[in-house]
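In: missing the sequence, but the structure's below:
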């Protein structure tokens, strides 16, 4: 296991182990090792890979390696350990906004900052959105599958992205801190 200072970033992959695709943790780790990361620790078999090594300057290098290995495109969003810690601790919604919901904050990781995207066009009476640059925090009143928001339209408007629960990000942050 890598020592405390080796795991320095996380790759969040879109489309891993969904829609009939099954990729093992070892397959994922081997792709990252092949592009130069001595430690690549998949987390929860859902497209989260904790990495050690030089910062990923260009996610396209990782995306090409993943596509070559898996046979389909895998959009990849990279965040440093401090960024992951900040996302884990973020409180973008007030207690009044959280109270009527199931409190399952979703984090939409973006390949490019949201920029001029007008999130208010996508909000509903039951769904709240807050942008923090390269992430959009989404508070659905209930689960994702029953949300009132038109998620397909929102995600298309945001560009390349992938979604995780904030609870998952908190578990990843704890693993990074303990490594």
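Out: Structure received. As the structure is a prediction and not an experimental result, all values here were calculated from the model.

In: contacting residues for residue 162?
Out: Counting by C-beta atoms under 8 Å, 6 or more residues apart in numbering, residue 162 makes contact with 12, 13, 14, 15, 47, 75, 77, 108, 109. C-betas here are computed from N, CA, C, even on glycine.

In: run through the bridge partners of it.
Out: Legend: beta-bridge partners of residue 162 under DSSP bridges are residue 109.

In: so the most far-flung residue of the chain relative to its centre is in which element?
Out: Taking C-alpha atoms, centre = their mean, the residue of the chain most remote from its mean C-alpha position is residue 96, at 25.9 Å. For residue 96, the host element (DSSP states H and E) is helix 95-98.

In: excluding its backbone neighbours, what's nearest residue 13?
Out: Spatial nearest neighbour of residue 13, chain neighbours left out: residue 47 (3.5 Å); criterion: C-beta to C-beta, 6 or more residues apart in numbering.

In: now that neighbour: how far from residue 141?
Out: From residue 47 over to residue 141 the distance is 26 Å, taken as C-beta to C-beta, to the nearest Å.

In: again, but for residue 30
Out: On the measure of C-beta to C-beta, residue 30 and residue 141 end up 41 Å apart.

In: which one's more surrounded, these two?
Out: residue 141 (17 against 13; other C-beta atoms under 10 Å).

In: so what pLDDT did that one get?
Out: Residue 141 carries a pLDDT value of 86.
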